[in-house]
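**Q** Give me a model of this one.
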Amino acid sequence: MHADLEACLPAALRGPTTKIVKIAAGLSGAGVYRVDAAGRSYVLKLAGPRDAVEGWRERTATLRAAALAGVAPALVHVDDERRAIVSELVVDRSFVAWVTQPSTRDAAIDELGAMLRRVHALPLSEGAIAGREPRAYLDEIWTALRGSPLPAWTGDVVRRVLDEPPPPAERPPVLSHNDANPSNLVYDGERLLLLDWDSAGANDPFIDLAAVAVFMRLDDATCTRLIAAHDEAPVATSLPAGFVDLRRAIAGLCGVMFLHLALESGHPGARGDETFELAPTLGEVHANMRAGMLSARTPEGQWAYGQALLRASAQL
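**A** Model prediction:
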């Protein structure tokens, strides 16, 4: 297996001292590996067996453009035959820590908005994959969960999102990352980059802005600063209606996704005594994760995260 993986590397990185260790596997079955070679570290990503060739090529072109624009790690090697990509390994110095420190918070939010502006300025190719619309995706997953043992209160939250018609689109589609959550943000002390571009495609620019706002629990004043940094212009009055709507819809969608993932991972589901008031908040879940008491990789952590996101959706 090591020899097969080494064949995906450029010749300069192959040799007896090269070390390859698996990091993770994506939902498509893609393999992700850390490569230590020639005194440096890299990330090797292989397409999954269910990954269509044309889709992989389109994503690779997007990733190449993102790397050149300085919003994704630099690409070192692309092997079209094996559908493998080697990129630099960026050591994270914690964007979350940067943004939570009062003395650096404004600068961090400004850089986040500017980085997302550079993402959204990337060209949309003719074959660009259309990103999923949050409500349609939520409806699809919620329908699949029908009959599952979910907390009773979650149904009211989901129906509120699905029943409220979205406001008219305020901005044309852009190249959107479509998964801009803190686990995909990496800050090396100088650069703020986005990882995992597998979901990138044409979408409303508010998708990325709303997603980071949800997962980072940004208040309205900070959201206003984020949008102003993205637009390079002050926000006229209140937060844009499209942003507010998508923030609520994305929180609901991600909450249901985590509940679904928890059940798929073996969580027994609701006991029957769960209430909205007893559901954990995002702040509590994040604190427990930082303390090592919860992990989003376990069914229990996914269950707690799902409820917290749905509770946040109801309060937005």
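**Q** alpha carbons only for contacts and neighbour counts from here, please
**A** Fine.
**Q** could you check the distance from V32 over to A61?
**A** 19 Å (Cα to Cα, to the nearest Å).
**Q** Tell me which of the two has more neighbours.
**A** V32 (21 against 14; other Cα atoms under 10 Å).
**Q** Am I right that the more buried one is in a helix?
**A** No - going by DSSP: H, G, I helix; E, B strand; the rest coil, the assignment for V32 is strand, not a helix.
**Q** wait, it sits on L44?
**A** Yes - assessed by Cα atoms under 8 Å, V32 is found in contact with L44 at 5.8 Å.
**Q** What is the three-state secondary structure of S238?
**A** Going by three-state DSSP: S238 is coil.
**Q** Can you give me every residue that contacts A67?
**A** Counting by Cα atoms under 8 Å, 6 or more residues apart in numbering, A67 makes contact with P73, A74, L75.
**Q** If you tally nearby residues, what's the number for the last one?
**A** L75 is surrounded by 20 other residues when neighbours are defined as other Cα under 10 Å.
**Q** any idea how far A11 is from L44?
**A** 14 Å.
**Q** Of the two, which one has the most company?
**A** Shown here are L44 and A11; by other Cα under 10 Å, L44 has more neighbours (27 against 9).
**Q** how far away is that one from G283?
**A** 34 Å.
**Q** right, and the helix or strand after the host helix or strand of A211?
**A** Here A211, judged by DSSP states H and E, is contained in helix 206-215. Scanning forward in sequence from helix 206-215 by DSSP H and E, the next helix or strand is helix 220-231.
**Q** Backbone torsions only: list them for the residue located most distally from the centre of the chain.
**A** The centre of the chain is farthest from one residue, P16, which by Cα atoms, centre = their mean lies 35.8 Å away. Note on P16: backbone dihedrals following degrees, to the nearest 10 are phi -70, psi -20.
**Q** swap in the one 3 residues further on?
**A** K19 adopts backbone torsions of phi -120, psi 130, taken as degrees, to the nearest 10.
**Q** again with A202
**A** Main-chain torsions, A202, degrees, to the nearest 10: phi -70, psi 130.
**Q** Repeat that for R191.
**A** Taking degrees, to the nearest 10 as the convention, R191 sits at phi -110, psi 140.
**Q** what about it, distance to V91?
**A** 11 Å.
**Q** In terms of neighbours, single out the busier of those two.
**A** Here R191 and V91 are set side by side on neighbour count (other Cα under 10 Å), and the busier one is R191, at 16 against 11.
**Q** And the more buried one, how close does it get to S199?
**A** As judged by Cα to Cα, R191 and S199 stand 22 Å apart.
**Q** do the same with L192
**A** Taking Cα to Cα, one finds L192 at 19 Å from S199.
**Q** Of these two, give the one with the bigger neighbour count.
**A** L192 (22 against 16).
**Q** pLDDT score for that one?
**A** Here, the pLDDT recorded for L192 equals 96.
**Q** got it, and the one 3 residues further on?
**A** Per-residue confidence for L195 comes out at a pLDDT of 94.
**Q** Assess the claim that it and Y187 are in contact.
**A** No - here L195 does not reach Y187: they are 10.7 Å apart, not a contact under Cα under 8 Å.
**Q** Would you mind listing the residues in contact with T104?
**A** T104 sits next to W98 when contact means Cα under 8 Å, 6+ apart.
**Q** Per-residue pLDDT of it, please?
**A** Looking at T104, its pLDDT stands at 92.
**Q** F95 versus that one, what's the distance?
**A** When distance is defined by Cα to Cα, T104 is 10 Å away from F95.
**Q** For the most centrally placed residue in the chain, give me its contacts.
**A** Nearest to the mean C-alpha position of the chain, by Cα atoms, centre = their mean, lies D179 at 2.7 Å. D179 makes contact with W197, S199, A200, D208, A211, according to Cα under 8 Å, 6+ apart.
**Q** L309 now?
**A** Residues near L309 by Cα under 8 Å, 6+ apart: A251, G252, C254, G255, T281, L282.
**Q** if I've got this straight, it is in a helix?
**A** Yes - counting by three-state DSSP, L309 is part of a helix.
**Q** quick one: it from V91, how far?
**A** 28 Å.
**Q** got it, and A108?
**A** Counting by Cα to Cα, the gap from A108 to V91 is 17 Å.
**Q** Same question for G201.
**A** Separation of G201 from V91 (Cα to Cα): 26 Å.
**Q** Repeat that for L162.
**A** 40 Å.
**Q** Pipe the contacts of A67 into JSON lines and attach distance to A291, secondary structure and pLDDT per row.
**A** Below are the contacts of A67 laid out as JSON lines (distance: Cα to Cα, whole Å; DSSP: H, G, I helix; E, B strand; the rest coil; pLDDT from 0 to 100):
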{"residue": "P73", "distance to A291": "29", "secondary structure": "coil", "pLDDT": "97"}
{"residue": "A74", "distance to A291": "32", "secondary structure": "coil", "pLDDT": "96"}
{"residue": "L75", "distance to A291": "34", "secondary structure": "strand", "pLDDT": "95"}
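**Q** Nice, that's everything, thank you.
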